[in-house]
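Undergrad: this one's structure only:
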C-alpha cells in the first residue's frame, strides 16, 4: 500500500482506519468501545477482508454470482 500523509491523525497507510476513527464511527451509532476493543475490531475486519478477497480470487467471480 502507498504511504500518504493525510493529516496529523491519519494512519500511516492509505485506506487504513485508526482505532480512534472506529471509536467515533461506532459511538455515532450508539456503541461505545475502548481503544483496545477498536484495535481488536480493526484486526478482525482486516483478517476477514483478506479472507474474502483470497476466496474471491481463488474461486473466481462465478462462485459469487458476478
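TA: Yep, that arrived. Since the structure is predicted, the reported quantities are computational estimates derived from the model, not experimental observations.

Undergrad: quick one: the helices in this protein?
TA: Assigned by DSSP state H, the chain shows helices spanning 19-28, 35-59.

Undergrad: can you list contacts of the first one?
TA: I take that to be helix 19-28. Defining contact as Cβ atoms under 8 Å, 6 or more residues apart in numbering, one finds that helix 19-28 is touched by 9, 32-35, 38-39, 41-42. For the C-beta atoms, the positions are set from N, CA and C on the backbone; glycine is no exception.

Undergrad: Could you look over the helices of the chain and pick the most buried one?
TA: helix 19-28 (a mean of 14; mean count of other Cβ atoms under 10 Å).

Undergrad: circling back to that earlier point, can you redo the helices of the chain as CSV with mean pLDDT?
TA: Putting the helices of the chain into CSV (pLDDT from 0 to 100) gives the following:
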stretch, mean pLDDT
helix 19-28, 97
helix 35-59, 94
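
Undergrad: re the thing from before, how about the contacts of helix 19-28 in JSON lines, adding distance to residue 15?
TA: Shown next, in JSON lines, are these (distance: Cβ to Cβ, whole Å):
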{"residue": "9", "distance to residue 15": "15"}
{"residue": "32", "distance to residue 15": "25"}
{"residue": "33", "distance to residue 15": "21"}
{"residue": "34", "distance to residue 15": "24"}
{"residue": "35", "distance to residue 15": "20"}
{"residue": "38", "distance to residue 15": "17"}
{"residue": "39", "distance to residue 15": "17"}
{"residue": "41", "distance to residue 15": "16"}
{"residue": "42", "distance to residue 15": "12"}
